[in-house]
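In: sequence first, then the predicted structure, then my questions.
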Amino acid sequence: MRFSMGKREVEIFLVVVLFFVFFCQKFIFAQEDASKKPGFLEPEIVDQWFDNTVGKKIESVVGNRKIAIDYIPYHDDFYDQFGKMSPFDFTLGFTLANMYLWRGQNLGNDTSWQPYVTVSPDFEPIGDVSFTFWSNITQHLEGKDDSEYDFIVDYSLPMLDTLKKLGCDVDGVPYIIKKLADFSFQTGYIYYWFPPVTDDSHEVYFGQAYNWPLHPYWKVYNDFDSGKGLWWETGVSQDFDLKLFTLSTFASLGYNHRQWGESSALQTLLFGASVPVPIGKHMVIEPFLSYSKRLKRTFTQDGTDLTRDEIYGGFNYTLNF
């Protein structure tokens, strides 16, 4: 079969080729000065756009003095010195919320306190590993208040930094190729222990988080014990500088494939915002409010509906050193 192009097709083809060449020249192969305008796949481009369109107007009214405590005498000095001497990084914190909400499921419809501690060694040659103990205590649960203890091992590998450590000239490749490798691979293991029912479960997960505008990510969790199913999640997040404070926003979609249930569905849309307020150099208090929207019903074997629409709020406290 013979194929031929008329004059009109040739003109369209040439326009497409010229546009492609222009695009490559402008965005891909051009060596941009890092001190000038950020590339179109840099996360800073969203910050720059927001500051130019909204931030400067807010600053003209309220100034640029953030709601925060910059320094706490003795307290910050102590943790500065401890951090220099310790071979480990520590994060202590808790969440106080109006319920225990987990992957769209209301597991405790009363005040929940969720303390945790994370330890990460400073001496990893490649990547970052951390160990976390997390717990949930919800009031007025049947049996007793202690509802869950989690033991988490997490490993993340920043791909671009790893390639540099291995001797790859990542700055010499086309911009688009470099940004395709600008992500962190994450994997880990979670052991769930449920004291009220003396039950437990095991889960492994992996995913990627991209250093792109809106910070997109995806994760897949495989429960291979009591939960017996997959949870797939993808989402975005973005901070907005409102001068007096920073507004951290996020949104995520969750797909449940028979995890703790008998059905598969695009189950939950979760979105919300928080306001992190620094208290000195090592502490942050962060009030938050979110909304979990049930997209489709999912059921357990006995017909119990796993999810419904929920308003989830409270605050986080963290101490890093």
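Out: Sure thing, it's come through. Being a predicted model, the structure only gives us computed values, none of them experimental.
In: low-confidence ranges, the chain, go.
Out: For the chain, applying pLDDT under 70 flags the ranges 1-36, 140-146.
In: how about the helices in it?
Out: 7-23, 44-50, 56-62, 75-85, 159-165, 175-180 (DSSP state H).
In: contact partners of the fifth one?
Out: Contacts of helix 159-165 with the rest of the structure, by CB atoms under 8 Å, 6 or more residues apart in numbering, involve 126-127, 170, 178, 181-185, 211. Where C-beta positions appear, they are placed from N, C-alpha and C, glycine not excepted.
In: ok, 10 Å please
Out: Residues outside helix 159-165 that contact it (CB atoms under 10 Å, 6 or more residues apart in numbering): 125-127, 158, 168-171, 173, 178-185, 208, 210-211.
In: and the gap between residue 265 and residue 233?
Out: Separation of residue 265 from residue 233 (CB to CB, to the nearest Å): 14 Å.
In: filter the contacts of helix 159-165 to the buried ones?
Out: Neighbour counting by 16 or more other CB atoms under 10 Å classes 127, 158, 170, 178-179, 182-184, 210-211 among these as buried.
In: of those residues, closest to residue 94?
Out: Nearest to residue 94 among those: residue 184, at 25.7 Å, using CB to CB.
In: hang on, that closest one packs against residue 210?
Out: Yes - Residue 184 is in contact with residue 210 according to CB atoms under 10 Å; the separation is 8.2 Å.
In: joint contacts of the two?
Out: In terms of CB under 10 Å, 6+ apart, residue 184 and residue 210 are both contacted by the residues 159, 217.
In: ok so, going back, shared neighbours of residue 265 and residue 233, anything?
Out: Listed as contacting both residue 265 and residue 233 by CB under 10 Å, 6+ apart are 254-256.
In: so which of the contacts of helix 159-165 belong to strands?
Out: In strands, defined here by DSSP state E, the members of those are 158, 183-185, 208, 210.
In: just the closest of the residues you listed to residue 55, please.
Out: residue 210 (24.1 Å).
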